[in-house]
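>>> Starting from these lines, generate the structure:
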Amino acid sequence: MTDKLYKRLTALVILEQKIRRAEIELEEFYSLIGGLTAIRYDKDRVQTSPEDVLGNNMAKLDQMQRTLDGLRSKVPLTLESVTALINRVEDENQKTVLYCRYVKRIKFEQIASEMGYGVDNIYCLHRKGIRELEKSLQ
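Residues are numbered from 1 along each chain as shown. Model (predicted):
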């Protein structure tokens, strides 16, 4: 499989990995700052630095959330792109194997079980589907 085809087929997986990492970073940052708290007027104010820590944290959280939202907004288009690529394959069994593998991210063994084939047959269908896609992209 060529690198170009591999990147196109795994684009959805890569995007979902980026989304998950962004979600984890956002959760970690939020927990590190202890949530956002309001200014307390019942305590003496101590000037530690001219820096606006609360404002900076709010800005960073906002930027992280915008990045996450931007990644999430790409999912439907990426899904459509990967599905359209797979739909170039004529054989329905090959198409099913490719869809299960690259969209649903099912392991070959489970695909074989669901389709009632042996794992070797699934590998063969996958290989033939990939070859057909490579020819269609040339």
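>>> which residues touch K60?
K60 makes contact with F29, according to Cβ atoms under 8 Å, 6 or more residues apart in numbering. Glycine gets a C-beta too; all of them are placed from N, C-alpha and C.
>>> go with 10 Å
L26, F29, I33 (Cβ atoms under 10 Å, 6 or more residues apart in numbering).
>>> Mind telling me what element it is part of?
helix 53-73 (DSSP states H and E).
>>> Run through this structure and note the low-pLDDT ranges.
Scanning the chain for pLDDT under 70 picks out 35-51.
>>> which residues in it form helices?
Here the chain has its helices, by DSSP state H, at 3-9, 11-32, 53-73, 75-86, 92-102, 108-115, 119-137.
>>> any idea which of those helices is most buried?
Looking across the helices of the chain with neighbours counted as mean count of other Cβ atoms under 10 Å, the highest average goes to helix 92-102: a mean of 20.
>>> Quick check: G116 vs E16, distance?
To E16, G116 is 29 Å away according to Cβ to Cβ, to the nearest Å.
>>> and if you look at K60?
Distance from K60 to E16, by Cβ to Cβ: 24 Å.
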